[in-house]
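Undergrad: how would this look folded up:
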Amino acid sequence: MGCTFHVCRSRPATRPRPRAAGAALTTHGAAPPRLRTPTVRTATVRALIVRVLLACVLLIFARMAAAGDGALVLERAARSVDAWPAVRMLHDPDAALDTAAALAARDRFVRPDGPTANLGPREGAVWMHTTLEVAANAPAQWIARMYYTTLHDVVVTVFDARGRPVHSAQIGAARAHVERSARTRSLSTVLSLTPGARYDVLVRIATPTAVLVPLAFVQPEAFVEEESREQMLQGVMSGLWLFMIAYSLANWLHQRKIIFLAYAGALLSSWLFSQAIYGVGAQYLWSHSTWFSSNMSALAAQLMVPASAQFLIAALDMRTRAPRSARLLDAISVTSLVSALLFGLDVIGYRPVAIASMLFGVVHLVIALPVATRQARQGDRAASFLLLGAFLNAIGIVQISALLRGHLAVDFLSLHFAQLAFAAEMVNWLLVLGARLDQLRAAADQAQQRHALLDALAHTDPLTGLHNRRGLERALRGSGHTASGTTAPPARSRGGEDQRTVVFMLDLDGFKPINDRWGHEAGDAVLRQVADRLSAVARPAGIVARVGGDEFVVVLHGIAPTVDVGAVGSALLAQFDAGFDLGAGRVGYLGATIGYAVAPGRPKDLTALMRTADAAMYAGKQTGKGMLVDAARPALSPRVGGTIPAASTPAPAAARPEAVLHSAPPPIRQ
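TA: Sure thing, here's the model as predicted:
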């Protein structure tokens, strides 16, 4: 009989650890045991973390399994699917492959190694391939869209799982907008796909521009939203551009300054460039033209250079301040215009013109930069604004150059950065115009002040402030007198009375001794005081002029028949009764001889009347000075050849109320 032996290993008895002295005892005299096992809460958290990580891994594997080998999954929740993560490409430099050959060579396609959606400049053709996995819950209609609209020749071909083509569309700029299957701003085509099916998509691109390929598959509703946002942005930018163009043209029509026309040209070229780059021009402006759809961006960039160069020349006044730099900019302008003309005639191609516009765009800024810097250091606000605009322009040029050379990823910001930089530059140029307008106004004000000063010097006696002989002639012309020699019809007052014109000719008596004894300063002081006193009597309608060293003329219009002209003359003569301040506490006395003549109405020619009054004054001087002589009493012949014929002896002063005889001037009092 068999026996089974069980060997039991009993745990050795543990010897109680010695208790530290003074340690507290439990009720049973022993310390409680210490637990070493994890708590229930900790175990639950760890299990939950493990399950979440496992679910994520399973989800990733499930997504990869559903997508297959690098396929894009189109599902209802994904409103827009970027194709770049699943794109593989094949460069065909000789453009020798057709669609079937490219599909057969799928194993030669490789992942692009450059920035996102940017293949840079490529000769020949570029093939792009991606696989679509349409989810069972996905909508049937999708839109394949290319956000960069200046690609020339773009052909999209879709194959089903058996390799049969089910869709093909040519959507590049080389096709007129009205001939495209989808007349949208961006390059797009509508795809009708079967949910749950798998497709291969081939895109062939041949373009002289950089190969920027922001390809995406978008649901129609999301596509409309994208287009609406871009249309709104371009509408706002176009409104800004068109406002500035209208402003500059209006100022050019008003002021005829070349700076405003150059600014309008730069704005127009910049605006056309934006319309071409973002597809709005092909959609609305040149929808029937294949040439403009393909080439407007390069043409506008080329035309922007001469307009910008001429603006810089005018804004910095380079023809005066930097003529050599101005000539260099003129040469660049002419070269750019000639190359634009040759490009329009298809003599030269797209790529040389694009390179030339980029090169000239940098060179003309480099030429103008030292001139602007020098003027800005001198405190020229317009030059400072111009420097800021040039800086913004340079940033835009550098950014778009890096993008087109394949160094930047293609996204909304990189596609719109240059447009925003150029718009900021144009707005900054508006500040340049404002500063220049302020300078033009200041220059015009200074010129007007200089003209007024020269006019005053030419027509005003600098000592007394009265009209000189030339100023008197102009004042008489302004009051309706001409040299025609005819007499206007007699003017009438409000009461129907005939009005008269009176001319008083005055010559000072005793002025030379004062001038000789006390000097020219005293004589000048006397002349100024005489002018003030005569003007006080002649106000408000009279004209007072100094026509010689000590000769004055007073012309009064609109004198009614009831006014005693002799009394007016006496009032003028009475101004010499009071002494004149000679300075240094000295007072001098002098007199005057006045001859006057009266004509009815407002004669158009006062020359003869002035000669008559002058002859009367001369006769008074010959008689005894200090007299008021009416030319009508006695009758005097006009001065001929600078001499005065002998005049009859004036009647005594007591017998003539018009004539007042003054004695010789009193001595000077100190």
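Undergrad: ok, and what's touching the helix or strand hosting Val554?
TA: In the assignment (DSSP states H and E), Val554 maps to strand 551-559. The contact list for strand 551-559 (C-beta atoms under 8 Å, 6 or more residues apart in numbering) reads 466, 472, 476, 479, 491, 493, 499-508, 530-531, 534, 537-538, 541-547, 565, 568, 572, 598, 602, 606, 610. No exception for glycine: its C-beta is placed from N, CA and C like everyone else's.
Undergrad: among those residues, which ones are buried?
TA: 466, 472, 476, 491, 499-508, 530-531, 534, 537-538, 542-547, 565, 568, 572, 598, 602, 606, 610 (16 or more other C-beta atoms under 10 Å).
Undergrad: Which secondary structure element is home to Ala599?
TA: Using DSSP H and E, Ala599 sits within strand 591-600.
Undergrad: Which elements pack onto that strand?
TA: strand 500-509, helix 565-574, helix 607-623, strand 628-630 (3 or more C-beta pairs under 8 Å, 6 or more residues apart in numbering; DSSP states H and E).
Undergrad: before we move on, the earlier item: got the angle between the strand holding Val554 and strand 591-600?
TA: 30 degrees (axes from the mean of the first three to the mean of the last three C-alpha atoms, to 10 degrees).
Undergrad: list the contacts for the most centrally placed residue in the chain?
TA: Nearest to the mean C-alpha position of the chain, by C-alpha atoms, centre = their mean, lies Leu430 at 1.4 Å. For Leu430, the contact set (C-beta under 8 Å, 6+ apart) comprises 244, 247.
Undergrad: if we can go back for a sec, what about the helices and strands packed on strand 591-600, which gets the closest to Leu272?
TA: helix 607-623 (66.4 Å; C-beta to C-beta).
Undergrad: average pLDDT across that closest one?
TA: Averaging pLDDT along helix 607-623 gives 89.
Undergrad: Tell me the buried residues in it?
TA: Those would be 609-621, 623, for helix 607-623 by 16+ other C-beta under 10 Å.
Undergrad: again with stretch 323-339
TA: Quick answer for stretch 323-339 (16+ other C-beta under 10 Å): 325-326, 328-330, 332-333, 336, 339.
Undergrad: Specify which member of the residues you listed is nearest to Ala372.
TA: Once C-beta to C-beta is applied, the member of the buried residues of stretch 323-339 that ends up nearest Ala372 is Ser325, at 10.2 Å.
Undergrad: Name the helix or strand for that closest one, please.
TA: helix 323-344.
Undergrad: Run the chain-centre distance for whatever helix or strand comes next after that helix.
TA: Counting by DSSP H and E, the next helix or strand C-terminal to helix 323-344 is helix 350-377. Distance of helix 350-377 from the chain centroid (C-alpha atoms, centre = their mean, to the nearest Å) equals 19 Å.
Undergrad: what's the angle between helix 350-377 and helix 323-344?
TA: Using the same axes, to 10 degrees: helix 350-377 against helix 323-344 is 160 degrees.
Undergrad: Let me know the secondary structure of Thr130.
TA: Secondary structure, DSSP: H, G, I helix; E, B strand; the rest coil: Thr130 is strand.
Undergrad: Could you check the pLDDT of the residue nearest to it when sequence neighbours are not counted?
TA: Excluding the flanking residues, the one nearest Thr130 by C-beta to C-beta, 6 or more residues apart in numbering is Ala86, at 4.7 Å. In this model, Ala86 is scored at 94, pLDDT.
Undergrad: ok, now how distant is Ala86 from Pro112?
TA: 11 Å (C-beta to C-beta, to the nearest Å).
Undergrad: Then Thr320?
TA: Thr320 sits 54 Å away from Pro112, going by C-beta to C-beta.
Undergrad: cool, and Gly172?
TA: From Gly172 to Pro112 the distance is 20 Å (C-beta to C-beta).
Undergrad: shaky segments in the protein?
TA: Of all residues in the chain, those with pLDDT under 70 make up the ranges 1-42, 45, 55-69, 479-497, 634-670.
Undergrad: returning to that earlier point: in contact with the residue nearest to Thr130, which residues are there?
TA: 70-72, 130-131.
Undergrad: need the contact list for Leu415.
TA: Contacts of Leu415 by C-beta under 8 Å, 6+ apart are 147-148, 212, 214, 277, 403.
Undergrad: switch to 7 Å and redo it
TA: 147-148 (C-beta atoms under 7 Å, 6 or more residues apart in numbering).
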